[in-house]
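**Student:** sequence first, predicted model second:
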Amino acid sequence: MAKGNKRKLATLSVDEFLTSAFDSGSPSGSDAEETGAGSRKKTRVRKKVKDGKGKKTPQPKTQEERKEKPKGAAQQHKEQLSRLKEKDPEFFKFLAENDQKLLNFDDTDSSDDDGEDQLHVLPGELEVDSNEEEEEDEKETAPKSKKGRDLIPITIRMVESWKEAAEAKLTYKLFHDVVMAFKAAVSTTKGDDNGQLGKYKVEDSSVFNALVSFCIEDLLSALQKVLQLKAEGKKRLLLPSSSSQWQKVRQDVSVYLAGLIQLLSSLTEVSVVSAVLRHMNDLVPYYLCFPKHTRVLLKQVVMQWSTGEETVRVLAFLILNKISRDKQDVYLNLVLKQMYVAYVKNCKFTSPSVLPMINFMQRSLTEMYALDYQATYQHAFIYIRQLAIHLRNAMTLKKKETYQSVYNWQFIHCLFLWCRLLSTVSPNEVLEPLIYPLTQVIIGCIKLLPTPRYYPLRLHCVRALTLLSECTNTFIPVMPFLLEIIQQMDFNKKPGRMSVRPINFAVVLKLSTANLQEKAYRDGLIEQLYDLTLEYLHTQAHTIGFPELVLPATIQLKTFLKECKVANYCKQIRQLLEKVQENSSFITKRRQKATFGVVDKEAVASWEKQVKEEVSPLQKYYSSWKKLREKEIILEITGKERLEDLHFPEIKRRKLQESKEKDKKEFRDLFDSDSSSDDESCGFKSKGASKKSNEAIVKDLAGTDSEDAEEDEDDHLSFEDESDDEDKVPVKPSRAVAKMSHSELEVLAEGDEDAVEDLEFSDED
């Protein structure tokens, strides 16, 4: 039949083909009933296009075709729904509950039968896909439906009732209600109104505090009783998923753990953050049951470890360590990477207050790296290689930007971190190959810019090399970098400026031009050279080759003592030289008694171990010096000045105007004494004095005797001493008044004009 159709179709023209296709494609009545409304629409549209293109004259329909005319889409839709009710009543019930519009279909909505012969007209705009429309409708209707719902406000009485019920017995419904209430409370911290609040809302801060306190303090213990979990003495944590009741509370526990993370990210008070972190530390087994929550928790806890206060940092580290120890294969690499990146970000700036936090991060990160040496080697190799690449770029390009990529606090603190790590885990065969490349990077950093401005950075590098050499029992030539400073610096040069506060080399990388001219810089540099030389040589004080090791240093220090003319500097260097020579002679005497050769490494190692146990003179001096030095370092780190312990008297300077007014007042008081003898001996009076007062003065002066004159002399002398003590104002002592007649005294009292005449006569003469 198919072959016959092919032969027949091959002989047809285009118009005949379209006409025959239209006639043969008309569905029968039974087929039309079984097909859906959408397929019939597409068929009719296809027929309309064919009729418009292929048929020039429409053929009249027969009576059978009229009988087979399909029914309207609305009618067919109703028939399909009626059949659906009989075949699948459950699905029909579902439609009745969720989509009433589909069942209540109106016959007038369809216009398929009216315009069947009309051509299909394309719409002006394409319609959106039905899936996208449904998603948009859900987004628009969901918040309205949630907001329209009446939320139950939580009160303190409700929280107290929950607490009492949880202490008695925690049921699954009660736990669900508490978790929903906690979720509503946490959502208020960030204004989370996404329609997922559940059935509760928190409107009061006191209710929020009471609810959060109840969850943090009492909820976990009640949940442990429900799950029937008992702490066992095992290395690995007991996961709550092992309980038979876990599936009943799993979903609520997940919501609660996510809410705790959101609460932690929004808190700022140190005490509250500490309480939440303690609670999270107890909930670590629950977090391990949800890998997604665990990753989010690690991110938040690492941020607290690197930026929080001291207590917060410690608690955050306990959580990180607990998770990493229990799930090393899953989370250890992730934790190490996040902690290292956070460490680098937060050591960009260094100050006396920040330095203890950086040291804590170094030590705690070192402890984390010690959990798995194989993983640590991969991390350390990559990051030390990055430091080496930065150093190589700076040495080859020689630009300011490349120099700054090496000479910064982040680079130095990273070097310290890896030195501390290799020193802590030593001896270790896995990490031992990293000692040499790390040492080369540090030495290259010292030699990059060997100028006096970067001497503080050099001292930091020397301290790192000393730590690495001592703990790994590896010889590293450190002394040349210290002796080079002594050789280059001119300590006899007069300082250009004075400074009150000493330079804290622990928080300085480079110095300004003004700092290089200060006396405090040279004083601090001598102290640093003394400290670092003593620290390094004490690590080598028990070695059999100590006399040969310190020979260049001895020569250089003697040369310095000959050239230096500053007594304080010479005193420190001379003391260091004496201790070095004493230890050198001690090793030489012990070495002369040895019966083995240099080739015998085992004998040399045993000899050095014996000398170290006996404690050499330099080691004795170093132990006593270190105790004193640690106290000074603590004072410097906390920002206290050394001058505070001396209790110098404070000098208060008066302003110029105040000093003048005070001098005038004291000078006025000089002549207005309360003593009667001063008034008697001192016969000065203002010009506006009355005659009566003059007569009284004359009578008083007339009655004076020699005893009064002597008393006046004593009074004036004592007053002069007092004035000298106060303001150092010189006052001439007044002579004793000679005994005069009454008439002479009257003339003297009224003798302003006479005095002027006398002065005039004296001028003419």
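**Tutor:** Structure received.

**Student:** wait, a helix at G597?
**Tutor:** No: secondary structure of G597 (DSSP: H, G, I helix; E, B strand; the rest coil): coil, not part of a helix.

**Student:** how deep is it tucked in, by neighbour count?
**Tutor:** 8 (other CB atoms under 10 Å). To be clear about C-beta, it is placed using only N, CA and C from the backbone, and glycine gets the same treatment.

**Student:** which element is the spatially closest residue to it that is not a sequence neighbour on?
**Tutor:** Spatially, and ignoring its direct neighbours in sequence, G597 is nearest to A603 (8.0 Å; CB to CB, 6 or more residues apart in numbering). Element membership for A603, per DSSP states H and E: helix 601-614.

**Student:** and what of F349?
**Tutor:** Here F349 is assigned to no helix or strand, by DSSP H and E.

**Student:** so what's the residue count around it?
**Tutor:** 11.

**Student:** next, give phi and psi for it.
**Tutor:** phi -120, psi 140 (degrees, to the nearest 10).

**Student:** roughly how far apart are it and D531?
**Tutor:** Counting by CB to CB, to the nearest Å, the separation of F349 from D531 is 25 Å.

**Student:** again, but for P291
**Tutor:** Relative to D531, and taking CB to CB, P291 is found at 50 Å.

**Student:** correct me if wrong: D218 contacts A165.
**Tutor:** No: judged on CB atoms under 8 Å, D218 makes no contact with A165 at a distance of 10.9 Å.

**Student:** P291 and D531: who's more crowded?
**Tutor:** Using other CB under 10 Å as the criterion, P291 and D531 rank with D531 on top: 19 against 12.

**Student:** please name the nearest non-neighbouring residue to the more buried one.
**Tutor:** Nearest non-adjacent residue to D531 (CB to CB, 6+ apart): R629, at 6.7 Å.

**Student:** what's the pLDDT at the one you found?
**Tutor:** R629 is assigned 79 on the pLDDT scale.

**Student:** equivalent analysis for L151, please.
**Tutor:** pLDDT at L151 comes out at 83.

**Student:** so what sits opposite the nearest residue to it once chain neighbours are set aside in the bridge?
**Tutor:** Spatially, and ignoring its direct neighbours in sequence, L151 is nearest to K201 (4.1 Å; CB to CB, 6+ apart). Note on K201: beta-bridge partners P153, judged by DSSP bridges.

**Student:** report how many residues lie close to Q386.
**Tutor:** So Q386, with other CB under 10 Å, has 11 neighbours.

**Student:** would you mind measuring from it to P437?
**Tutor:** 12 Å.

**Student:** repeat for K173
**Tutor:** K173 is 62 Å from P437, by CB to CB.

**Student:** who has more neighbours, the two?
**Tutor:** Neighbour comparison, K173 and P437: the larger count goes to P437, with 16 against 8 (by other CB under 10 Å).

**Student:** just checking, K183 touches K199?
**Tutor:** No: in this structure K183 lies outside contact range of K199 using CB under 8 Å: 10.4 Å.

**Student:** ok so, going back, count the residues that sit near the residue nearest to G597.
**Tutor:** A603: 15 neighbours (other CB under 10 Å).

**Student:** pLDDT weak spots in the stretch 601-750 of the chain?
**Tutor:** 633, 636-750 (pLDDT under 70).

**Student:** state the next helix or strand along the chain beyond the helix holding A603.
**Tutor:** helix 617-637.

**Student:** where do the helices sit along the stretch 401-550 of the chain?
**Tutor:** For the stretch 401-550 of the chain, the helices defined by DSSP state H, counting those that start in this stretch cover 409-425, 435-448, 455-472, 479-488, 513-516, 519-539, 546-549.

**Student:** just put those in a markdown table and tack on distance to A258 and mean pLDDT.
**Tutor:** Below are the helices of the stretch 401-550 of the chain laid out as a markdown table (distance: least, CB to CB, whole Å; pLDDT from 0 to 100):
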| stretch | distance to A258 | mean pLDDT |
| --- | --- | --- |
| helix 409-425 | 34 | 96 |
| helix 435-448 | 42 | 96 |
| helix 455-472 | 43 | 96 |
| helix 479-488 | 54 | 94 |
| helix 513-516 | 53 | 89 |
| helix 519-539 | 51 | 93 |
| helix 546-549 | 61 | 94 |
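
**Student:** now stretch 536-548 - C-alpha only, PDB.
**Tutor:** Extracted in PDB, the C-alpha atoms of stretch 536-548 (Å, rounded to 0.1, in the frame of the first residue of the first chain):
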ATOM      1  CA  TYR A 536      72.700  32.800  67.700                       C
ATOM      2  CA  LEU A 537      76.000  32.000  69.500                       C
ATOM      3  CA  HIS A 538      74.300  30.400  72.400                       C
ATOM      4  CA  THR A 539      72.800  27.900  70.000                       C
ATOM      5  CA  GLN A 540      76.300  27.000  68.800                       C
ATOM      6  CA  ALA A 541      78.000  27.200  72.200                       C
ATOM      7  CA  HIS A 542      78.200  23.500  72.800                       C
ATOM      8  CA  THR A 543      79.500  22.600  69.300                       C
ATOM      9  CA  ILE A 544      83.000  21.300  68.900                       C
ATOM     10  CA  GLY A 545      83.900  24.000  66.200                       C
ATOM     11  CA  PHE A 546      82.800  27.000  68.300                       C
ATOM     12  CA  PRO A 547      86.300  28.600  68.500                       C
ATOM     13  CA  GLU A 548      86.700  28.600  64.700                       C
END
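
**Student:** so which residues make contact with that stretch?
**Tutor:** When contacts are defined by CB atoms under 8 Å, 6 or more residues apart in numbering, stretch 536-548 is touched by residues 462, 466, 469-470, 475, 478-479, 482, 549-550, 553, 580, 583-584, 587-588, 591, 594, 604, 607-609, 611-612, 616, 618-619, 622.

**Student:** cool, stretch 395-407 as well?
**Tutor:** 390-391, 393-394, 411, 444-445, 448-449, 454, 457, 509-510.

**Student:** quick check on those: which are buried?
**Tutor:** The neighbour-count test (16 or more other CB atoms under 10 Å) marks 390-391, 393-394, 411, 444-445, 448-449, 454, 457, 509 as buried among the contacts of stretch 395-407.

**Student:** check contacts around T376.
**Tutor:** T376 touches 336, 369-370, 421, 425, 430-431, counting by CB under 8 Å, 6+ apart.

**Student:** quick check: it vs A388, distance?
**Tutor:** In terms of CB to CB, T376 sits 18 Å off from A388.
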